[in-house]
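**Q** Got a predicted model here, sequence first, then my questions.
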Amino acid sequence: VQLAESGGGLVQAGGSLRLSCAVSGRTVSSSNMAWFRQAPGKEREFVAAIGWSSGRTDYADSVKGRFTISRDNAKNTVYLQMNSLKPEDTAVYHCATGAPWVRARAQQPYPYWGQGTQVTVSS
């Protein structure tokens with residue numbers, strides 16, 4: 001299983017970015033998928049998840065209402081649309097898969113991770 005993130009970059013506060021996570025070796029339509037992020041000097045934290053069975057979603061409180069996770073089954077890709085970005089959103093964003101939904105917010109259950117894409121939000 002391989003996950004490849006893209007779409008990161010430098011953006012001003014209030015701007016938008018869309019991250020992509022291309023998956024191979026596993027189908028996103030039958031996998032719970034998640035995004036995590038790690039800021040410098042901080043631990044990796046949960047951002048958002050999407051469930052395979054019903055497409056249900058879950059978001060960290062810090063991004064709720066600003067970020068949207070979605071998937072394109074035909075492209076086997078998961079997206080993270082990020083709007084109204086803030087400087088505190090600056091981090092390396094990773095996608096992950098392989099965890100059960102009941103533990104979607106925890107890092108340890110995920111066996112598969114991408115290398116990450118850098119998002120930098122300037123004030």
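**A** Thanks, I have the structure now.
**Q** got a list of what N73 touches?
**A** By C-beta atoms under 8 Å, 6 or more residues apart in numbering, N73 lies in contact with T27, V28, S29. Glycine gets a C-beta too; all of them are placed from N, C-alpha and C.
**Q** Give me the buried entries from those.
**A** Buried members of those, scored by 16 or more other C-beta atoms under 10 Å, are V28.
**Q** Which residues belonging to stretch 108-115 are considered buried?
**A** Under 16+ other C-beta under 10 Å, the buried positions of stretch 108-115 are Y110, Y112, W113, G114.
**Q** of all the residues you listed, which comes closest to L19?
**A** The closest of the buried residues of stretch 108-115 to L19 turns out to be G114 (C-beta to C-beta; 10.1 Å).
**Q** so that closest one touches L80, yeah?
**A** No - using C-beta atoms under 8 Å, G114 is not in contact with L80, being 11.8 Å away.
**Q** shared neighbours of the two, anything?
**A** Looking at what touches both G114 and L80 (by C-beta under 8 Å, 6+ apart), the common residues are C21, C95.
**Q** which residue packs closest to Q115, ignoring adjacent ones?
**A** E5 (6.9 Å; C-beta to C-beta, 6 or more residues apart in numbering).
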